[in-house]
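**Student:** Task: produce atomic coordinates for the following.
(chains A and B)
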Amino acid sequence: MMMKKKRSVMHSIAAAPHIFWAILFIVLPLIIVVYYAFTDDTGAFTFDNILSLEDYVPIFVLSLELSVIATFICLLVGYPLAYIMAKAKPEHQKIFVMLLMLPMWTNLLIRTYSIMAILDDGGLLNTILGTSMHIVGTKGAVIFGMVYDFLPYMVLPIYTCISKIDKHMWEAASDLGCNTVQVITRVIFPLSMSGVISGVTMVLVPSISTFYISQKLGGGTFELIGDTIERQFVTGAYNVGGAISLVMMILILISIGVMNRFSEEDEGGIII
Amino acid sequence: MKKYASRIYLCLVFAILYIPILTLMLFSFNNTESTANFTGFSLEWYIKLFNDENAFIALRNTLILAVSSSLLSTIIGTAAAEGIYRMRSKWLKNAVNSVTNVPMMNPDIVTGVSFMLFFALLVALLGIDDYDSIGFGAMLIAHTTFCLPYVILSVLPRINELGESLTEAALDLGCTPVQAFFKVKLPNIMPGVLSGMVMAFTLSLDDFVISYFVSPSNFQTLPLLIYSMTKKTVKPDMYALSTIIIITVFTLLIISNIKSFKKSDKVRRKKGGKA
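**Tutor:** Predicted structure coming up:
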């Protein structure tokens, strides 16, 4: 027993470099963000940065609005897709997963730019149709960009979750008199909740904080919170930028915490 | 009927996902600058790209960074997973796990910004006059940090699954704890270690947001190059570069999937043999 205890203490030391690393490069940078958020140019303590955030409330609200709509559309489009994939033949399933993963591993900038080139005023869509629709620069275009870029992040966790559900559940439900719709709404959907929640987080977090999608597809007509942060830091306004980042981080970590409460287990968190 | 509906739905979604990528690839072969009118086939943009020194430097930088950060995060992460597995104190275990997961849950922009401030302060405190001189180090630290949670996440389940008996047997047979780890445990958890490393490698290749805030002026990666290309009016040479990247990713994906196809075949056969 003594020996064992000694050994396990010895082995815990293997985590030491990581703990050191995490304190130095995860915790410390975040503390520095907090420091900048509560100081002014001279380094004196102030609440001014936090108080000035009032001006940015409309931008926060707009970002939240667009990203929530995008997440909802992703769920609406992605859930049936995940369901169909999970019900397909196993050899087809692998192909579908691969087809989803290729866009996911294609750089976000490339994907965003490629839809912009299609939707642009002089772009492919207008050229083919011979119209002059103005799409880039509208909220719709930004939402479409978010949905297009992040849909695979919604589908994969849900797919993983549904395909893990015991086949007997389906049979039991229909034996007990459920029709197909009821099987889905009463049995499958509740059982796939942890996948839905991790899908929602994986779409919501990058959409709310994006700045490239709104830069390209928003056509410079409106600003999201990611653009604001980027602008503050590029122009050297570290204190206000720090304050906005701090508030956004806290809001996101709280909502992830709340959402994780809803899912009993953390199985859906599969990234690949 | 239902089968048709679901097939049509699948095709529709995949079509929407792929049409933009395929158009981009098509227009990289256009013989004019237009990205809306396909006037004829040419390799002009590829030739231009291959003569562009910046693209090669960016490619080299991206690869150096991805290889070094994935190696470093795999070493630290694998050791960390073993250490976390051994931890007796539940409190410590939870604390380490939650801190590790922070970069994974935080929006990239916040991670990027926090590194930017961290290095700005470091430069000021150490009295370094040129950020470029520590630029690669900063990029390496940033990339290793956001890759670490993914490595740990892929190694830890393997260690949990493997359990203790093999290591104990090795120790009883006279191995030192270090030997037992390297000779017995490591070979057994290797698939997890490797998939963590591949994951780290791809994440590093693909990262734009964090690099954007950390990168010094003398170290540009491919995503940063693409960003600077899309800031101006885009010419199809950016399309050509994207096409090459997409085809590379696609090839790697197919190769890794063929491997897993074969593996699952083997498993199936093994299982069948037992039954």
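
**Student:** Now do the same for residue A:117: its pLDDT.
**Tutor:** Listed pLDDT for residue A:117 reads 85.

**Student:** In terms of helices and strands, where is residue 161?
**Tutor:** Let's take chain A. helix A:139-164 (DSSP states H and E).

**Student:** my bad, the chain I had in mind was chain B
**Tutor:** Per DSSP H and E, the secondary structure element for residue B:161 is helix B:135-162.

**Student:** burial measure for the residue in the stretch 1-150 of chain B that chain A sits nearest to, as a count.
**Tutor:** Closest approach of the stretch 1-150 of chain B to chain A (C-beta to the nearest C-beta) occurs at residue B:83, with a separation of 2.5 Å. C-beta here means a position set from N, CA and C on the backbone, and glycine is covered the same way. The tally of other residues near residue B:83 (other C-beta atoms under 10 Å in any protein chain shown) stands at 22.

**Student:** just for chain B, where's the confidence low?
**Tutor:** B:1, B:259-275 (pLDDT under 70).

**Student:** run the last query once more with 50
**Tutor:** Counting by pLDDT under 50, the ranges of chain B that qualify are B:271-275.

**Student:** Tell me where it has helices.
**Tutor:** Taking DSSP state H as the test, the helices found in chain B are B:2-27, B:44-50, B:53-86, B:90-105, B:108-126, B:135-162, B:165-172, B:177-179, B:186-206, B:209-214, B:222-231, B:236-274.

**Student:** so of the ones you listed, which one's packed in deepest?
**Tutor:** helix B:209-214 (a mean of 24; mean count of other C-beta atoms under 10 Å in any protein chain shown).

**Student:** does chain A sit close to that helix?
**Tutor:** Yes: Helix B:209-214 lies within reach of chain A by C-beta under 8 Å from any C-beta of the partner chain, at B:209, B:213.

**Student:** hmm, back to that, elements contacting the helix holding residue B:161?
**Tutor:** With contacts taken as 3 or more C-beta pairs under 8 Å, 6 or more residues apart in numbering or on different chains; DSSP states H and E, helix B:135-162 sits against helix A:16-22, helix B:53-86, helix B:90-105, helix B:108-126, helix B:186-206, helix B:209-214.

**Student:** Mind giving me the packing neighbours of the longest one?
**Tutor:** To tie it back to what came earlier, the one meant is helix B:53-86. helix A:2-12, helix A:16-22, helix B:90-105, helix B:135-162, helix B:186-206, helix B:222-231.

**Student:** Export those to a markdown table and append columns for distance to residue A:69.
**Tutor:** A markdown table is the format used below for those (distance: least, C-beta to C-beta, whole Å):
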| stretch | distance to residue A:69 |
| --- | --- |
| helix A:2-12 | 47 |
| helix A:16-22 | 36 |
| helix B:90-105 | 22 |
| helix B:135-162 | 28 |
| helix B:186-206 | 26 |
| helix B:222-231 | 25 |
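
**Student:** For residue A:172, find the nearest of those helices.
**Tutor:** Of all the helices and strands packed on helix B:53-86, helix B:135-162 sits nearest to residue A:172, with 29.5 Å by C-beta to C-beta.

**Student:** Make CSV out of the helices and strands packed on helix B:135-162 and add distance to residue B:166.
**Tutor:** Putting the helices and strands packed on helix B:135-162 into CSV (distance: least, C-beta to C-beta, whole Å) gives the following:
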stretch, distance to residue B:166
helix A:16-22, 23
helix B:53-86, 13
helix B:90-105, 22
helix B:108-126, 37
helix B:186-206, 7
helix B:209-214, 38
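
**Student:** From residue A:86, how far out is residue B:169?
**Tutor:** Distance of residue B:169 to residue A:86, computed by C-beta to C-beta, to the nearest Å: 40 Å.

**Student:** Could you do residue A:200 as well?
**Tutor:** Look at residue A:200 and residue A:86: by C-beta to C-beta, they are 18 Å apart.

**Student:** Have a look at the two and say which one is more surrounded.
**Tutor:** residue A:200 (23 against 19).

**Student:** Quickly find the element holding the closest residue in space to that one that isn't next to it in sequence.
**Tutor:** Leaving aside its sequence neighbours, residue A:200 sits nearest to residue A:71 (C-beta to C-beta, 6 or more residues apart in numbering or on different chains; 5.7 Å). Secondary structure assigned from DSSP H and E places residue A:71 in helix A:57-87.
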